[in-house]
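> Sequence and predicted model, in that order:
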Amino acid sequence: MSIRKVAVFAFIALAFAGGFLVIIVTKGTNIHAPALKPVAAMTPFEGKLVVQSIDDLRVGGRKIVLCGVAFAMPQSMRAVVTEAARREYQGLALRCKPVGSGTPCDGNVTSTFRGAIVAQCLTPDGMDLAAKLVEIGMLCGQPAQAGLTYKSCALGS
């Protein structure tokens, strides 16, 4: 193949690519990013506590995760701890602040986790439910989420 034929072929390929680029730019691709779902503003909410299990809590019909704490006992203890939590706290009136509205977890965790609202919940007299559950040994503080707000169950702390 002569240099002249290669040059003509390169010119035709370049013209085709240029024309194709013009079509894409002027017409668009009709490919659009999906519309984002509007995010509901996370505002404090109130309700009675329902203890489905120690790590499946609901307040006012909303599934919640208490920020900064977690169940860290052996799974064999889950039923015993759940029953004790129900006996003590089922029906307790709470006001919950979602993460991002002044909780110890702000900036460290997202406001939702697996479909639940991550929140700090207080009784009308100001008792922090997570702090109480840590104090009596049902839950353990998670320093990566809430710093030193709640006592960790880790050895040596």
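Yep, it's here. Computed from a prediction, not measured in an experiment: that's the story for all the values here.

> Return the set of buried residues in stretch 140-157.
Neighbour-count burial for stretch 140-157, counted by 16 or more other Cβ atoms under 10 Å, picks out Cys140, Gly141, Gln142, Pro143, Gln145, Ala146, Thr149, Tyr150, Lys151, Ser152, Cys153. C-betas here are computed from N, CA, C, even on glycine.

> Excluding sequence neighbours, find me the nearest residue to Gly68.
Among residues not flanking Gly68 along the chain, Ala146 sits closest, at 2.8 Å (Cβ to Cβ, 6 or more residues apart in numbering).

> and if you look at Pro44?
Lys97 is the one closest to Pro44 (Cβ to Cβ, 6+ apart), at 4.9 Å.

> Surely Asp56 touches Lys63?
Yes - between Asp56 and Lys63 there is a contact at 7.1 Å, judged by Cβ atoms under 8 Å.

> and stretch 8-16, what's its mean pLDDT?
Across stretch 8-16, pLDDT averages out at 76.

> Next: stretch 146-157.
pLDDT averaged over stretch 146-157 gives 80.

> And the residue nearest to Gly68, its phi and psi?
Per-residue torsions, Ala146: phi -130, psi 20 (degrees, to the nearest 10).

> Against Ile54, how distant is it?
Look at Ala146 and Ile54: by Cβ to Cβ, to the nearest Å, they are 18 Å apart.

> ok, now Glu83?
For Glu83, the distance to Ile54 - Cβ to Cβ - is 9 Å.

> ok, the two, which is more surrounded?
Ranked by neighbour count (other Cβ atoms under 10 Å), Glu83 and Ile54 place Ile54 first, with 22 against 13.

> Noted, bye for now.
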